[in-house]
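# Below are the sequence and a predicted model; questions follow.
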Amino acid sequence: MNGFIISCWDFTSGVAIESSLEANKLLPANWYHCQRDAEGLRSWLLDNLIPEAIVDSLLTDDTRPRFEKYSDDCFLIILRGINLNEGSEPDDMLSLRILWYKGSLISTRKVPSRAVANIVRKLEQGEGPNTLTDLLQAIANSVNSIISDFLSPVEDRLNEMDENVHTDRAVLSSINSRLLRLRRYLKPQRYVLEDLIEADIPVLKGYKNHFKNCLDTIMRMNESIDFYIDQINLYFATINQQQAETMNRNTYLFSVIAGIFLPAGFFTGLLGVNIGGIPGVENPLAFTLFCLGLIVIVAVEVIVLKKLRYI
């Protein structure tokens with residue numbers, strides 16, 4: 001097998017192609033799953049008379065989900081899927097490019113895709129899609145299924161937070177950041193399927209309802225992500241409101257306390273000046289009487305503030 005071809009299947013016989021000579025020529029009803037950054041892939045595509053502009057779109061590094069129709073028997077689909085490889089963040093979504101060219105299907109990836117791996121495993125077990133059109137639909141459904149599985153724990157986690165809003169803000173920020181990155185690619189993925197359905201491609205004529213179901217799944221996931229983000233924003237607003245209320249309550253309490261002791265502070269400051277004429281200097285009961293007077297003043301202030309409903 002060529003170094004850039006990861007897996008090759010002949011859907012006329014339903015068997016994998018192991019020979020490099022057999023996989024060397026692009027044949028109808030064959031699926032070629034390739035390593036996008038491997039040496040020799042570009043030359044192989046050009047040798048099979050695929051236009052250079054299409055090859056560039058298929059192999060470009062940075063691209064968003066999109067659909068491009070070149071003819072009734074040639075179109076390109078670029079999808080984004082959850083990255084479940086070890087050491088990667090799931091929301092660092094991987095790119096999966098699919099080119100339908102004159103009855104053949106060519107898919108490329110840079111990092112392993114669980115969605116494609118699941119389909120290959122089923123094919124090896126004698127199950128899975130029977131035609132290239134079935135394969136195209138299976139890839140789209142598999143990508144959606146993995147994204148849906150990724151969102152399920154997020155929903156469970158947010159439901160747990162309903163009972164306890166006092167959640168670590170760092171946890172909420174992390175979930176929110178992941179959802180925003182996921183929405184960045186999942187939103188245009190909806191338009192990919194819409195364009196695919198509206199393109200009215202002959203080979204997909206009997207599969208419109210299948211792809212509409214796939215589109216409905218993407219729309220539902222987009223709506224779920226929007227709901228989760230709104231829910232997180234509500235949690236943030238609730239936390240901020242509770243913190244503001246606590247701060248306002250504490251500020252008010254300190255203000256009341258400062259107001260109560262303001263007259264007492266005035267009198268102690270007045271009598272503490274080091275000049276002559278301070279009353280009661282010669283009276284041994286003066287200090288006691290002064291303290292009692294301050295207590296009475298504070299008590300009167302508390303009663304007045306209670307009647308005015310400041311406390």
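That came through fine.
# CA atoms for contacts and neighbours, from now on please.
Will do.
# Please, where are all the strands along the stretch 51-200 of the chain?
66-71, 74-81, 94-101, 104-109 (DSSP state E, counting those that start in this stretch).
# Per-residue confidence at the spatially most central residue of the chain, what does it come out as?
Residue closest to the average C-alpha location in the chain (Cα atoms, centre = their mean): L179, at 1.6 Å. We have a pLDDT of 90 for L179.
# Of all the strands of the stretch 51-200 of the chain, which one is nearest R249?
The closest of these to R249 is strand 74-81. By Cα to Cα, the value is 48.3 Å.
# how about low-confidence regions in the protein?
In the predicted model, the chain carries pLDDT under 70 at residues 1-2, 19-23, 62, 87, 90-91, 162-168, 270-278, 280-282, 308-311.
# give me that answer again for 80
Within the chain, the segments meeting pLDDT under 80 span 1-3, 13-14, 17-24, 61-63, 85-92, 159-170, 252-290, 293-294, 298, 301-311.
# So which residues of it form helices?
Here the chain has its helices, by DSSP state H, at 20-24, 41-47, 52-59, 114-124, 132-163, 169-198, 208-271, 286-307.
# Looking at those, spot the one closest to S7.
Closest approach to S7 among those is made by helix 114-124 (8.1 Å; Cα to Cα).
# CSV for the strands of the stretch 51-200 of the chain, including distance to F254 and mean neighbour count?
What follows is these, written out as CSV (distance: least, Cα to Cα, whole Å; neighbours: other Cα atoms under 10 Å):
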stretch, distance to F254, mean neighbour count
strand 66-71, 60, 16
strand 74-81, 55, 22
strand 94-101, 55, 22
strand 104-109, 63, 22
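# could these go into TSV alongside distance to V15?
Below are the strands of the stretch 51-200 of the chain laid out as TSV (distance: least, Cα to Cα, whole Å):
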stretch	distance to V15
strand 66-71	29
strand 74-81	24
strand 94-101	20
strand 104-109	15
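# For S148, find the nearest of those strands.
strand 74-81 (10.6 Å).
# what are the pairing partners of that closest one, and which direction each?
strand 66-71 (antiparallel), strand 94-101 (antiparallel) (DSSP bridges).
# which stretch among these comes nearest Q189?
Among the strands paired with strand 74-81, strand 66-71 sits nearest to Q189 (Cα to Cα), with 7.0 Å.
# List of residues touching the closest one?
75-79, 188-189, 191-193, 195-196, 199 (Cα atoms under 8 Å, 6 or more residues apart in numbering).
# which one of those residues is nearest S95?
The closest of these to S95 turns out to be L79 (Cα to Cα; 5.9 Å).
# mind checking which of the helices of the chain is nearest T108?
helix 52-59 (7.6 Å).
# Quick check: buried residues in that closest one?
I54, V55, S57, L58, L59 (16 or more other Cα atoms under 10 Å).
# Contact partners for the second one?
It refers to V55. Contacts of V55 (Cα under 8 Å, 6+ apart): R42, L45, L46.
# Same question for A237.
Going by Cα under 8 Å, 6+ apart, A237 touches no other residue.
# circling back: ok, so of the buried residues of helix 52-59, who is nearest K122?
Closest to K122, out of all of these and judged by Cα to Cα, is L58, at 25.7 Å.
# and the closest residue to that closest one other than its chain neighbours, how far is that from K69?
Leaving out its chain neighbours, the residue that sits closest to L58 by Cα to Cα, 6 or more residues apart in numbering is R97, at 6.2 Å. Here R97 is placed at a distance of 14 Å from K69 (Cα to Cα, to the nearest Å).
# what touches both of those two?
L76.
# I'd say the residue nearest to the centre of the chain and I225 touch.
Yes - taking Cα atoms under 8 Å as the definition, L179 is a contact partner of I225 at 6.4 Å.
# Just confirm F211 contacts I197, I think it does.
Yes - look at F211 against I197 with Cα under 8 Å: they come within range, at 7.0 Å.
# Out of the contacts of V55, which end up buried?
Using 16+ other Cα under 10 Å, the buried ones in the contacts of V55 are R42, L45.
# and which of the contacts of V55 is nearest to S107?
For these, the nearest to S107 is L45 (11.8 Å; Cα to Cα).
# can I see the domain layout of the chain?
5-241, 248-307 (automatic domain parsing).
# Deepest-packed of those domains, please.
domain 5-241 (a mean of 17; mean count of other Cα atoms under 10 Å).
# Isn't L123 up against P129?
Yes - judged on Cα under 8 Å, L123 makes contact with P129 at a distance of 7.4 Å.
# got the buried residues of helix 52-59 as CSV, with distance to I232 columns?
Formatted as CSV, the buried residues of helix 52-59 follow (distance: Cα to Cα, whole Å):
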residue, distance to I232
I54, 42
V55, 42
S57, 37
L58, 37
L59, 37
